[in-house]
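>>> This is a predicted model, with the sequence first.
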Amino acid sequence: IFFYLRMPGWQKSLAEHMYDDISQLEQLHSQASLLVQSEILRQQYHHEAPKLIPKIIHQTYKNNLIPSKLLPLLQTWREFNPEYEIRFYDDSACTHFVATEFPEYIEAYRLLPKDVERADFFRYMVVLRHGGVYADIDTECRVPVDTFVGATDTLVVGWENEFAGDEEAFSRHFVRRRQILQWLFLGVPGHPVLRSICDHIATHATTQFSNNTNRDTLERTGPGVWTDMVLRAKALPREGGGHWGVRILPRVAFGAHPTGVDGISPTSPLVLALHHFMGSWKVSGGWKNRKSLETIFRRWSSEGTDKNRDMIMARKPNVALVNLDGKPMRSPTEKQIVVPTSTDGKTDVDSSKLPAMVTDIFPVSATWEPPFDIMVLMLGEDGELNIERPTNSLAPIEGPSSSITSWGTFHPGVHPTRRPGLAEAMIGSLGGHKRSAVLVDVGAGVGFFSLAAAARGHRAIAFETRAKHLRALKSSVERNGFGEWLTVHEYDIGSSSKEFCIVWQQRQQASQVLEARRLIKEANEVGDSAADAIERFRSMIEEEVDDITGRMFGNQAELDQENGFQDHNEIVCSLPEKVKQLSELIPNDVEIGALKLSVRGMEGWVLEGAEEIMTKRPPPIVVLELRPTEMKAQGWVQPQELLDRMWKWGYTDISHSGPVCDERWHNITLARHSRHQIYSPALESTVETALNQPTWCKLSKLLFPILIQRAHPSIPESLLFHHLTRPDMLEQERLVRLAALERNASRISP
């Protein structure tokens, strides 16, 4: 047992206590399994509602001689969706369809240089006309379509991948840092996004984007242009009610690779459909600098497309496409896309510089019931790329945005697919309270937990100050229509209400700084790409000052003398911040059902400023993302003091989840296994699997020192505190939740 064998100063009673903990862990895991099964039943009941998307599945192949290796994949769509009509088209049927249903596109369709580009064009047109599901013939259906399509969905697509930079994306033959796949999508007839991409393809059927023939395909008809069109679309009213919305599912839904590359296993139960990549259209050498007969033909034939292009652009698609500045996009006739050239006039090919994304915050449909859209940041903007995975831990290095992009959910410090997750534990606890109970989310980030609470009809109050995170959160609130349920505040929360200075500077320099910050703020408010400029600017000016940063307003004369300023007026604060106590921001008549803190080392100071709340109206549930190393850096020298204070306030039922919990489980199972057999890594993995590793570990007061000592320096340990001073009320809440689960189960049962 790790905590006993490697710390000989601890008494034997500690080891015995940890052995007793095994039964508690296994019991918690079994209860979690029951909750997950109940949630699955509830989702199945929810998805029985009528759909707007027609029950049709469209698939294509070049002829009727389908290879035998593809037949089992085709059969999965029939087996899981017996109520759906499956329509198959070969190349001749596709051409006939375009000629009869979309005569305005037939010339562009024939001019496309590759069969794969015609296949791309056809898939958009067939769903535009008839609606339903388009699925490549080498995709495998894993679950019934009706289980993941909502009653109001009008277009459902999925994220394919994301990368930290252009070079990495280009090396993998992607043309966007974040890319939406198009081997599988679902839609209603007439969706504006489908109309807009069809018009775009017809207009640019012979446009050369580069001398990469493969890259040209991705930009002309493939996921490059598809990603742009989907992200640019705005929700417009539909005739008959509702809106033309777009729901983008996380990578795990449609984007898992059959080899498990990029961290998503193809065997995950969250995979809804799997693309097997059995057909390869990419030309050998297509990513190299060469002029082909195809390129020459396209240039020669482009002169004959002007008439067709003018006819297409005369039609007005029912879609609103806007740039980041809010102005309408110019039509392709106003500015043609041309082959990029260098200063010497030669074609610039194989450049790893990809087209800029059309936005810097991105929607993902959360894996939650009911689902909601959450706006997330680009990979790396949560700081997760510099975190080292701990030894003997399953903790991921994904930040909130990358975790949500991949899995649709987030759990600090552990893999997001493990259950019960933090969202289930914390927001599920709100269900036993009065509907007036509120989630208070300090350091909300992009707002996953606050949005999840609002999606279930609970009120939430979120606090966040980082510019881009704040903009993403406010955008999510607006996108989901959660304004009634979720309030967002831009306050720094601390131990006392005071104003402090982040950066002191000479007066002349400070005036320039303040003017620059004003301009940046204006750009941020309109959603410009300079949304994170304040953070960059903060780092820049901190490097320029002479060690005068981070000082509290106090004795100005002493500060002047210390830094060599004879005149008090020579320096001013160029970056002031206001800190408020949580107690003064939450009115007394607000019943806090759960309090969550994700404040990167400020946990102690925030709770010190919330003492009035914690002692006079304690929230039943408190969640801390505990980071002892960062707490010390923020001046809270003894992190265990915070845990002792929580215990004193009545929070004596504690669970924890993260690297330390995983380490405890690893060593407990290893100790149990080593009683009978010699250790081996393979057997260790088998034992841990057999014992069903839980997400949460029970934490007693005796283990506080070990938790602090073994905590990872940069990955948080999630602590869930349950207040036990009102056991009668808690038992009543438990019975209410149990009765609700039983009602759902009986309603779903045949």
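Alright, I've got the coordinates.
>>> In three-state terms, label residue 487 for me.
With DSSP: H, G, I helix; E, B strand; the rest coil as the basis, residue 487 sits in strand.
>>> nope, residue 74 is what I was after
Under three-state DSSP, residue 74 comes out as helix.
>>> surely it meets residue 57?
No. Here residue 74 lies out of contact with residue 57, judged by CB atoms under 8 Å, at a distance of 9.8 Å. From N, CA and C alone the C-beta is placed, and that goes for glycine too.
>>> What pLDDT is listed against the nearest residue to residue 701 once chain neighbours are set aside?
Spatial nearest neighbour of residue 701, chain neighbours left out: residue 647 (5.8 Å); criterion: CB to CB, 6 or more residues apart in numbering. Note for residue 647: predicted pLDDT of 96.
>>> Repeat that for residue 186.
At residue 186, the pLDDT recorded in the model is 98.
>>> Pull the contacting residues for it.
Listed by CB atoms under 8 Å, 6 or more residues apart in numbering, the contact set of residue 186 reads 53, 127, 132, 133, 134, 145, 149, 153, 155, 156, 157.
>>> Quickly find the element holding the residue nearest to residue 701.
helix 639-648 (DSSP states H and E).
>>> buried residues in that helix?
639, 642, 643, 646 (16 or more other CB atoms under 10 Å).
>>> Give me the contacts around the following helix or strand past that helix.
Beyond helix 639-648 on the C-terminal side, the first helix or strand identified by DSSP H and E is strand 653-657. For strand 653-657, the external contacting residues (CB under 8 Å, 6+ apart) are 28, 411, 413-414, 422, 626, 646, 695-700, 707, 717-724.
>>> Could you check how many residues crowd around residue 269?
Look at residue 269: counted by other CB atoms under 10 Å, it has 11 neighbours.
>>> ditto for residue 578
For residue 578, using other CB under 10 Å, the count is 12.
>>> what kind of secondary structure is it in?
Under three-state DSSP, residue 578 comes out as strand.
>>> Could you check the pLDDT of it?
Per-residue pLDDT puts residue 578 at 71.
>>> Likewise for the one 5 residues further on?
Reading off the confidence values, residue 583 has pLDDT 90.
>>> What of the one 3 residues further on?
Listed pLDDT for residue 586 reads 92.
>>> For it, give its distance to residue 723.
16 Å (CB to CB, to the nearest Å).
>>> Check residue 592 too.
11 Å.
>>> Looking only at neighbour counts, state which of these two leads.
In this view residue 592 and residue 723 are compared by other CB under 10 Å, and residue 592 has more residues nearby, 22 against 19.
>>> Quick check: that one touching residue 436?
No. Between residue 592 and residue 436 there is no contact under CB under 8 Å: 10.4 Å.
>>> Now list whatever residues contact both of the two.
Common contact partners of residue 592 and residue 436 (CB under 8 Å, 6+ apart): none.
>>> isn't residue 455 right next to residue 374, touching?
No. Under the criterion of CB under 8 Å, residue 455 is not in contact with residue 374, lying 9.8 Å apart.
>>> So which residues of the stretch 401-550 of the chain form helices?
422-430, 448-455, 467-480, 507-525, 533-544 (DSSP state H, counting those that start in this stretch).
>>> Averaging pLDDT over each of these, report the lowest-scoring one.
helix 533-544 (a mean of 46).
>>> Look up phi and psi at residue 247.
Dihedral pair for residue 247: phi -120, psi 120, per degrees, to the nearest 10.
>>> pLDDT score for it?
For residue 247, the model assigns a pLDDT of 97.
>>> roughly how far apart are residue 251 and residue 380?
When residue 251 is compared with residue 380 (using CB to CB), they lie 16 Å apart.
>>> For those two, indicate the residue with more neighbours.
residue 251 (26 against 16).
>>> so what's the more buried one up against?
Counting by CB under 8 Å, 6+ apart, residue 251 touches 158, 159, 160, 161, 162, 262, 264, 405, 406, 407.
>>> from what I can see the first one touches residue 248, true?
Yes. Between residue 158 and residue 248 a contact is recorded at 6.7 Å, counting by CB under 8 Å.
>>> Need the residues touching each of these two.
In terms of CB under 8 Å, 6+ apart, residue 158 and residue 248 are both contacted by the residues residue 180.
>>> which stretches of the stretch 301-450 of the chain have low pLDDT?
Along the stretch 301-450 of the chain, the model assigns pLDDT under 70 to residues 301-352, 384-397, 431-435.
>>> if we go to 80?
For the stretch 301-450 of the chain, the stretches with pLDDT under 80 are 301-353, 383-398, 431-436.
>>> shared neighbours of residue 455 and residue 374, anything?
Common neighbours of residue 455 and residue 374 (CB under 8 Å, 6+ apart) are residue 366.
>>> So which of the two has more stuff around it?
residue 374 (32 against 22).
>>> Tell me the buried residues in stretch 138-157?
Buried-residue list, stretch 138-157, by 16+ other CB under 10 Å: 138-146, 148-150, 153-157.
>>> how far does it stretch from start to finish?
17 Å (CA to CA, to the nearest Å).
>>> what's the answer for stretch 129-148, then?
In terms of CA to CA, the two terminal residues of stretch 129-148 are separated by 22 Å.
>>> From the contacts of strand 653-657, keep the buried residues only.
By 16+ other CB under 10 Å, those give 28, 411, 413-414, 422, 626, 646, 695-699, 707, 717-723 as buried.
>>> In a helix, residue 197, correct?
Yes. Residue 197 forms part of a helix when assessed by three-state DSSP.
>>> quick one: low-confidence ranges for the stretch 151-300 of the chain?
211, 234-242, 279-300.
>>> quick one, strands of it?
155-162, 178-187, 247-249, 273-275 (DSSP state E, counting those that start in this stretch).
>>> Can you check which of the ones you listed gets nearest to residue 476?
Taking CB to CB, strand 247-249 is the member of those nearest to residue 476, at 13.0 Å.
>>> list the helices and strands that closest one packs on?
Under the contact definition 3 or more CB pairs under 8 Å, 6 or more residues apart in numbering; DSSP states H and E, strand 247-249 sits against strand 155-162, strand 362-365.
>>> Make CSV from these and add distance to residue 447 to it.
Output for the helices and strands packed on strand 247-249, formatted as CSV (distance: least, CB to CB, whole Å):
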stretch, distance to residue 447
strand 155-162, 19
strand 362-365, 12
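>>> who wins for proximity to residue 479 among those strands?
When the helices and strands packed on strand 247-249 are compared by CB to CB, strand 362-365 sits nearest residue 479, at 6.9 Å.
>>> How about residues contacting that closest one?
Contacts for strand 362-365 (CB under 8 Å, 6+ apart): 159, 178, 231, 246-250, 371-378, 404-405, 408, 479.
>>> Quick check on those residues: which are buried?
Buried among the contacts of strand 362-365 (16+ other CB under 10 Å): 159, 178, 231, 246-250, 371-378, 404-405, 408, 479.
>>> I'd guessed residue 399 sits against residue 376; true?
No. With contact defined as CB under 8 Å, residue 399 does not reach residue 376; the gap is 9.3 Å.
>>> quick one on the thing from earlier: which pair in the contacts of residue 251 spans the largest distance?
Pairwise over the contacts of residue 251, using CB to CB, the maximum falls at 160 and 407, 14.5 Å.
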